[in-house]
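[1] Please find the sequence and the predicted model below.
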Amino acid sequence: MWHYADIQTVPDIVRHYGRVNPEKTAVIQGARKVDYAELDRTSNRVANALIAKGVKPGSVIGYIGKNSLSFFEILFGSSKAGAAVLPLNWRLVGAEIGPILQDAVPPIVFADKDLVSMMTAVKTEYALTFDLVELDASDDNDTRLARWAGNAADTDPQVAIDPRNTALLMYTSGTTGRSKGVQLSHLGLNYMRLCESLEPELRWPSDDVLLMVMPNFHLLGTGIPLQLLYNGGTVSVLPVLEPGRLLDLVQRDKPSVLVLAPTVIQMMLDHPAAKTTDFSSLRLVMYAGSPINAALLKRALVEMKCQFMQFYGATETGGAATILRPAQHDLVNEQKLKSCGTPLPLIDIKVVDASGNEMPDGEIGEFMIRAPSLFTGYRNQPDTTAAVLKDGWYRSGDAGYRDASDGLLYIVDRVKDMIVSGGENVYSAEVEQALAKHPAIAMAAVVGAPDARWGEKVTAIVVLKKDASASAEDIIKHCRSLIAGFKAPKEVHFAEALPISPAGKVLKRVLRDELWKEHGRSVG
């Protein structure tokens, strides 16, 4: 919309480049390279096959699997059919996937072959009626999608799409334990392109190559590749994070842009192959999920010799709300590395108290964000939507402050008790609900404890029922049967009682302080 008048919706990206630069490589997976013309044609076939199978505009098409070329064919094909795309977190267990599918009601779900058995079980247990299509993300030349599409025409179905319709449906965990379907419109995603285009530090030349490392079920995992493709660049796909394979693709495909969590940067540089990897193609490493520590940044700057930029945002903001720009990475003043930066153009952030009153600079409150790219609401949850959207502002749930001297924003806590472990968001309420189902547990609280590798580790403080017994290993195994492995506690501490406020709430701050002091660190 902003650079190209004919790009109004997500599928317009491949339509545009399929016409003006058809032979340019769009996506690379392994030995296979697909140009924009082929991506345009194959997504047409997917769209026509979906339509033939009864998919209507406004439907939701599910995808659960590793990063792959097929994901982009399905993303653009579903969009051309007027459907929203739901990338599901393949790390979740069936008990978490089932309620999401009950809410989204996709008529078709594309799934990696190693997830088909789980999805079949979910379909039966939750009495769902979707068609299940098997894929193989590990296969560079997976023909399963083409076989499924059969003889569908490769001409554009030209389904009319209202830019206000949902393009991406992405589920995030909630503090209540119920997942929320964040609806991101074609228009909102285009507005994010505008915000990024107006930012001088974010330039996207058409010769950019992005190595897609972040999983597709994260907004960064899908959003940044869409940004590259919007600008006519190339996306090289890494199906799943393996530091050695990541380094192989850096060497082979010469990416100019990487998007990583700080923990992944650490893992990559610690890999033996990093010493002989040529990083000279890189111009920018974006990182998100947590701040970067000075020692790691110094090492990365020396070994990778490129610029670093931090992203802060939420799925609900449609992309980055703030960035810590390369020039703001101050190695002399290491405190500034803890900042999430300042807003992108057209995005506003204010810090408010519990009543919504703006706080003076330097005082802690909740971040509220106003952006043209905001989500349109949570699917089937109008009350939850109304609670976080106020007069065009989004209540982020993040507590922080704005520095009076330079305007940099700092997050000091998470209002929603979110734990960030290895770049993954874990909500304590979800873990606590799993713990509550253990027959030996009377009370439990979950907080983040410091961890050298993952930033934070999920830690449970448990009070057992009278005369009951359970080991830490038993409790962790119990949780893993109900929630994804990365959410399950890494440590379990047993206590006689939990600290309780006069209002009857568990004082998690006290628990955090005790854990962090044990590690010789302070919270915030």
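    Nice, I can see it.
[2] Give me the mean pLDDT for the helix or strand hosting residue 395.
    Assigned by DSSP states H and E, residue 395 belongs to strand 393-402. In this model, strand 393-402 has an average pLDDT of 91.
[3] and it, what other elements does it pack with?
    strand 348-352, strand 365-370, helix 382-388, strand 409-414 (3 or more Cβ pairs under 8 Å, 6 or more residues apart in numbering; DSSP states H and E). Where C-beta positions appear, they are placed from N, C-alpha and C, glycine not excepted.
[4] measure the nearest residue to residue 195 once chain neighbours are set aside to residue 24 for me?
    Nearest non-adjacent residue to residue 195, counting by Cβ to Cβ, 6 or more residues apart in numbering: residue 344, 4.6 Å away. In this view, residue 344 and residue 24 are 27 Å apart by Cβ to Cβ, to the nearest Å.
[5] Pretty sure residue 48 sits against residue 150.
    No. Using Cβ atoms under 8 Å as the test, residue 48 is too far from residue 150 to be in contact (9.7 Å).
[6] Same drill for those two, tell me which one is more crowded.
    Comparing residue 48 with residue 150 by other Cβ atoms under 10 Å, the one with more neighbours is residue 48, at 22 against 10.
[7] roughly how far apart are that one and residue 11?
    Per Cβ to Cβ, residue 48 is found 13 Å from residue 11.
[8] Now for these two: what residues contact both?
    Here residue 48 and residue 11 share no contacting residue, scored by Cβ atoms under 8 Å, 6 or more residues apart in numbering.
[9] so what does the helix or strand containing residue 458 touch, helix or strand wise?
    Assigned by DSSP H and E, residue 458 falls within strand 455-464. Applying 3+ Cβ pairs under 8 Å, 6+ apart, one finds that strand 455-464 contacts strand 418-421, helix 428-436, strand 441-451, helix 472-480, strand 491-494.
[10] Would you mind giving the ones you listed as JSON lines with distance to residue 310, mean pLDDT and mean neighbour count added?
    As requested, the helices and strands packed on strand 455-464 are exported to JSON lines (distance: least, Cβ to Cβ, whole Å; pLDDT from 0 to 100; neighbours: other Cβ atoms under 10 Å):
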{"stretch": "strand 418-421", "distance to residue 310": "13", "mean pLDDT": "80", "mean neighbour count": "21"}
{"stretch": "helix 428-436", "distance to residue 310": "24", "mean pLDDT": "84", "mean neighbour count": "21"}
{"stretch": "strand 441-451", "distance to residue 310": "19", "mean pLDDT": "89", "mean neighbour count": "21"}
{"stretch": "helix 472-480", "distance to residue 310": "31", "mean pLDDT": "96", "mean neighbour count": "16"}
{"stretch": "strand 491-494", "distance to residue 310": "28", "mean pLDDT": "95", "mean neighbour count": "16"}
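[11] In a markdown table, list the ones you listed along with distance to residue 142.
    Putting the helices and strands packed on strand 455-464 into a markdown table (distance: least, Cβ to Cβ, whole Å) gives the following:
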| stretch | distance to residue 142 |
| --- | --- |
| strand 418-421 | 31 |
| helix 428-436 | 33 |
| strand 441-451 | 36 |
| helix 472-480 | 30 |
| strand 491-494 | 40 |
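[12] Out of the ones you listed, which is closest to residue 118?
    helix 472-480 (14.2 Å; Cβ to Cβ).
[13] Just give me how far the closest one sits from the chain centre.
    Helix 472-480 has its C-alpha centroid displaced from the chain centroid by 26 Å (Cα atoms, centre = their mean, to the nearest Å).
[14] which residues are contacting it?
    431, 434-435, 437-438, 441, 460, 462, 487-492, 494.
[15] ok, now stretch 139-159?
    Stretch 139-159 is contacted from outside by 15, 29-32, 40-42, 44-49, 51-52, 57, 68-70, 73-74, 80-82, 110, 133-136, using Cβ under 8 Å, 6+ apart.
[16] Buried only: go through the residues you listed for me.
    15, 29-30, 40-42, 44-49, 51, 68-70, 73-74, 80-82, 110, 133-136 (16 or more other Cβ atoms under 10 Å).
[17] Which among the helices and strands packed on strand 455-464 is found nearest to residue 206?
    Of the helices and strands packed on strand 455-464, the one closest to residue 206 (Cβ to Cβ) turns out to be strand 418-421, at 33.9 Å.
[18] sorry, back to before: and the strand holding residue 395, which strands flank it?
    Note on strand 393-402: by DSSP bridges, its sheet partners are strand 365-370 (antiparallel), strand 389-390 (antiparallel), strand 409-414 (antiparallel).
[19] Of these, flag the one that's most buried.
    Across the strands paired with strand 393-402, averaging neighbours per residue (mean count of other Cβ atoms under 10 Å) puts strand 365-370 on top, at a mean of 21.
[20] about what we covered before: output the strands paired with strand 393-402 in CSV, with distance to residue 274 and mean pLDDT appended to each entry.
    Formatted as CSV, the strands paired with strand 393-402 follow (distance: least, Cβ to Cβ, whole Å; pLDDT from 0 to 100):
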stretch, distance to residue 274, mean pLDDT
strand 365-370, 35, 94
strand 389-390, 44, 94
strand 409-414, 30, 78
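[21] Which among the ones you listed is found nearest to residue 332?
    In terms of Cβ to Cβ, the element of these nearest to residue 332 is strand 409-414, at 17.6 Å.
[22] What is the burial count for the residue nearest to residue 195?
    Based on other Cβ under 10 Å, the number of other residues close to residue 344 is 25.
[23] With residue 148 instead?
    Neighbour number of residue 148 under other Cβ under 10 Å is 18.
[24] How much space separates it from residue 122?
    The separation that residue 148 has from residue 122, given Cβ to Cβ, amounts to 20 Å.
[25] Residue 240 too?
    21 Å.
[26] isn't residue 33 right next to residue 39, touching?
    No. Look at residue 33 against residue 39 with Cβ under 8 Å: they stay out of range, at 10.6 Å.
[27] ok so, going back, may I see the helices and strands packed on strand 393-402 arranged in a markdown table, with distance to residue 303 as well?
    Below are the helices and strands packed on strand 393-402 laid out as a markdown table (distance: least, Cβ to Cβ, whole Å):
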| stretch | distance to residue 303 |
| --- | --- |
| strand 348-352 | 33 |
| strand 365-370 | 33 |
| helix 382-388 | 41 |
| strand 409-414 | 28 |
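[28] right, so of these, which gets closest to residue 160?
    Once the helices and strands packed on strand 393-402 are compared by Cβ to Cβ, helix 382-388 is nearest, at 26.3 Å.
[29] Which residues outside that closest one are in contact with it?
    The set of residues external to helix 382-388 that reach it, using Cβ under 8 Å, 6+ apart, is 174, 180, 316, 377, 378, 394, 395, 397.
[30] Give me the local confidence score for the fifth one.
    The reference is to residue 378. 98.
[31] how many other residues sit next to it?
    25.
[32] can you check the last one too?
    When neighbours are counted by other Cβ under 10 Å, residue 397 registers 16.
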